[in-house]
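*Asks:* Sharing a model prediction with you, sequence too.
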Amino acid sequence: MEQATTLLKKIFGYDSFREGQKDIISRVLDRQDTVGIMPTGGGKSLCYQIPALLFDGLTFIISPLISLMKDQVDALRNEGVSATFINSSLSQEEVRQRLKMAEEGHYKMIYVAPERFESTSFIDWLKTLPIELMAIDEAHCISQWGHDFRPSYRLIKQMLTQLVHKPVILALTATATPQVTADICQLLEIDRHHVVQTGFARDNLFFQVVKGQDQRRFIREYVMKNQAQSGIIYAATRKRVEQLHSFLKDEGVQVGKYHAGLSEEERAQQQEVFLYDNLNVMVATNAFGMGIDKSNVRYVIHYNMPKNIEAYYQEAGRAGRDGQASECILLYSPQDVQIQKFFIDQSDMEPLYKQREYEKLQQMMGYCHTEMCLQTYILDYFGDHQHSQCGHCGNCLDERENVDITKEAQMILSCVKRMNQRFGKSLVAQVLTGSSSQKIKQFRFNTLSTYGLMADYSQKQVGEFIDYLTAEGYLRATTGSYPVLTLTEQGVDVILGQIKVTKKEALRVKQIIVDNA
Ligand code: ADP
């Protein structure tokens, strides 16, 4: 480990290791297969670069990010480290040349895209090399439970079984739920005890959910106020990116756009101007960002809610890689839930995965409706329970008073129970507000004791209560395009009067009385 510390200083110019780096590096040096889970910007690259320099043999780095490979290789070369990459951006001749140089032992590190393993001749070539370390970046891409499954990642396992001398395997990722971690371990045959996970927390990120506001106006005002700062605005579809882009442009904002519908050239150009600070605001679909290593992004705004927390945390996490305070704002609108449901419905996923996607969507909605610390909510999702409230997210800073809503909660929960836990939000809200719709009559819900109990509220308000009770874990919404509400244990305790439910008081517009006397 002493040598590792020397290299850290000599080659990379850092005095000490960051959390997790030392543990991962020493395991790799002990030739232990390891899974390393560290947040974005946590310093995963050094975890394979340092062992690569200390090992006699070769290190391969498997990465899906072709655009990043060149940057990494250039940076290493600047430090005098011999590295190269092999991917589809090269001509056949260039590839041949690099393979030859590798055979002759010119490199310590070689970056490759997983698609390479489709070629049997490439694998035959690998078999001839003294490979000591195989680092797998973005390792969550191997799991179908992850949010970014890539079939080419499945080729890795096959490739590994064909190597005569098994190299040390280091799988790295920033986004892995406990289930995805288990999957990575199983697929790569890594002992579950060999997982090093540092905290997921990014203390410099300030999370906020904005509801019930004119979203475009919010964005315009925010962007105008922060003109000097770099920021990304994510929208769910190309069409929305185009609309928002024209809107901001018409408002006089210098803004770029990025989505898969643009030509490769246009995309590269947009990326470049943003990367080099010649343009501060970028409106994009989620196609933008994988592999964008821009450290001074001060805010990430989501114009639409993403499909799940993993995608959200990864996208929002592109803010503040330099450790400076940055904002991650999600603009919530109930319509977004419909868009995401539509995407899942239309996809050709197997039923089991669809169900899982619905579940994840439900947890994403929970993020939008919860009143707990937003950072805590995200970290809990990733199975990281070792932390306290962040103290600076929208919910931690929400100074509205907590009011007791146990009575309303009991009405709603009892109603769900009396409807035999077989219906969804809108029908429950209809029963509680005493609607006389056809469906109510058909099921004779107007005879229930909870019928019309909340007639003082609108259906929308009751719907919001239900969203809140779901987010806070009193109700569970089953998966599927028409989620059915059921009671959780905690919900039953509320009905039994064993626990109280509180909610932040709705904002009231205070009337200011001006004394003209
Ligand atoms: P990740 O791949 O985990 O997102 P990177 O490996 O790109 O993160 O590292 C993020 C930044 O942190 C880089 O600029 C890197 O040089 C820097 N870094 C990594 N390790 C250290 C360290 N021990 N001390 C200081 N800076 C570090």
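*Replies:* All right, it came through fine.

*Asks:* Point me to the residue of the stretch 301-450 of the chain nearest the ligand.
*Replies:* Minimum separation of the stretch 301-450 of the chain from the ligand (Cβ to the nearest ligand atom) falls at Arg321, amounting to 6.5 Å. Just so you know, the C-beta spots here come from the backbone N, C-alpha and C atoms, and that holds for glycine as well.

*Asks:* how close does the residue lying closest to that residue once chain neighbours are set aside get to Glu118?
*Replies:* Spatial nearest neighbour of Arg321, chain neighbours left out: Gly41 (4.1 Å); criterion: Cβ to Cβ, 6 or more residues apart in numbering. From Gly41 across to Glu118, the span is 32 Å (Cβ to Cβ, to the nearest Å).

*Asks:* for the top helix by length along the chain, packing partners?
*Replies:* Longest helix of the chain, by residue count under DSSP state H: helix 351-369. With contacts taken as 3 or more Cβ pairs under 8 Å, 6 or more residues apart in numbering; DSSP states H and E, helix 351-369 sits against strand 205-211, helix 309-316, strand 326-332, helix 334-346, helix 374-381, helix 459-471.

*Asks:* Now that helix: buried residues?
*Replies:* Going by neighbour count (16 or more other Cβ atoms under 10 Å), the buried part of helix 351-369 is 354, 356-369.

*Asks:* now the end-to-end length of stretch 317-324.
*Replies:* Its start and end residues considered, stretch 317-324 measures 12 Å (Cα to Cα, to the nearest Å).

*Asks:* List of residues touching that stretch?
*Replies:* 39-41, 174, 202, 204-205, 231-232, 289, 292-300, 326-328 (Cβ atoms under 8 Å, 6 or more residues apart in numbering).

*Asks:* Could you rerun that using 10 Å?
*Replies:* Here stretch 317-324 makes contact (Cβ atoms under 10 Å, 6 or more residues apart in numbering) with 39-42, 174-175, 200, 202-206, 230-232, 234, 288-290, 292-301, 325-329, 378.

*Asks:* Close to the ligand: what parts of the chain are there?
*Replies:* Tyr14, Phe17, Arg18, Gln21, Met38, Thr40, Gly41, Gly42, Gly43, Lys44, Ser45, Leu46 (Cβ under 6 Å from any ligand atom).

*Asks:* for the third one, what are its contacts?
*Replies:* Shown here is Arg18, whose contacts under the criterion Cβ under 10 Å, 6+ apart are Met38, Gly41, Gly42, Gly43, Lys44, Leu46, Cys47, Thr198.

*Asks:* By neighbours, which of these wins?
*Replies:* Neighbour count (other Cβ atoms under 10 Å) singles out Cys47 as the most crowded of these, with 28 neighbours.

*Asks:* How much space separates that residue from Phe12?
*Replies:* Taking Cβ to Cβ, one finds Cys47 at 12 Å from Phe12.

*Asks:* Please name the spatially closest residue to Gln162 (chain neighbours excluded).
*Replies:* Ile123 (5.6 Å).

*Asks:* that's a helix at that neighbour, yeah?
*Replies:* Yes - counting by DSSP: H, G, I helix; E, B strand; the rest coil, Ile123 falls inside a helix.

*Asks:* what's the neighbour count on Glu93?
*Replies:* Neighbour number of Glu93 under other Cβ under 10 Å is 8.

*Asks:* Now it: which helix or strand?
*Replies:* helix 92-103 (DSSP states H and E).

*Asks:* chain center to that helix, what's the gap?
*Replies:* Centroid displacement of helix 92-103 relative to its chain, using Cα atoms, centre = their mean, to the nearest Å, is 37 Å.

*Asks:* can you pull out the helices in the stretch 151-300 of the chain?
*Replies:* 154-162, 178-188, 215-225, 238-250, 264-275 (DSSP state H, counting those that start in this stretch).

*Asks:* Can you report how many residues lie near the residue nearest to Gln162?
*Replies:* Neighbours of Ile123 using other Cβ under 10 Å come to 16.
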